[in-house]
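Peer 1: predicted structure and sequence below. I'll ask about it afterward.
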Amino acid sequence: MQQSIKNDIRRLVEKSGKVYVSSVNEEGFPNTKAMFARDHDGMKVHYMSTNYSSLRVSQFMNNPKACIYYCNERFFKGLMFTGTMEVCTDRETRERIWRNGDEMYYPKGVDDEDYCVLRFTAEKGNYYHNLTKELFPVEELEEESEG
């Protein structure tokens, strides 16, 4: 993959304030929800927060298969990652993505029993841009340019 495309992908993730997260329900159908894009480790691991009592959490606990989608509507670019989702309740992970104002959703703060973190680990990617698509293993994004 060209370095310029890798840079475009990274920029899309960095500038996105939201990400569409898809889980699989008990009947095998996809369920998609927009969420705040909170943090990421490279392009492989992505973090979102949600309520532990949410439907999405129970779906991921039953079936960790997931996909996330970042997009730039203005320039019609989209990035889909497929992989697995983990529900994290440990304090370290919760603190990592906690932001001022989150008390609005979780009144008891970082220790609120209804606050948890979704940690998505990407395996494959599909980047759509300029009427073309790039299919790639996520590790390819972490490799240095060959030129």
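Peer 2: Arrived safely.
Peer 1: surely Arg38 and Ser49 touch.
Peer 2: Yes. At 6.0 Å, Arg38 and Ser49 qualify as touching, with contact defined as CB atoms under 8 Å. Yep, even glycine has a C-beta here, placed from its N, CA and C like the rest.
Peer 1: what is the burial count for Val21?
Peer 2: For Val21, the count of nearby residues is 23 (other CB atoms under 10 Å).
Peer 1: for it, phi and psi?
Peer 2: Here is the backbone geometry of Val21 (degrees, to the nearest 10): phi -120, psi 130.
Peer 1: now do the shared contacts for Arg38 and Ser49.
Peer 2: Common neighbours of Arg38 and Ser49 (criterion: CB atoms under 8 Å, 6 or more residues apart in numbering): Ile97.
Peer 1: so what touches the host helix or strand of Tyr69?
Peer 2: Assessed by DSSP states H and E, Tyr69 sits inside strand 65-72. Applying CB under 8 Å, 6+ apart, the contact partners of strand 65-72 are 12-13, 15-16, 19-24, 32, 37, 46, 60, 77-85, 120, 122.
Peer 1: let's go with 6 Å and repeat that
Peer 2: Strand 65-72 has contacts (CB atoms under 6 Å, 6 or more residues apart in numbering) with 12-13, 16, 19-24, 78-82, 85, 120.
Peer 1: return the set of buried residues in it.
Peer 2: Applying a neighbour-count criterion of 16 or more other CB atoms under 10 Å, one finds Ala66, Cys67, Ile68, Tyr69, Tyr70, Cys71 buried in strand 65-72.
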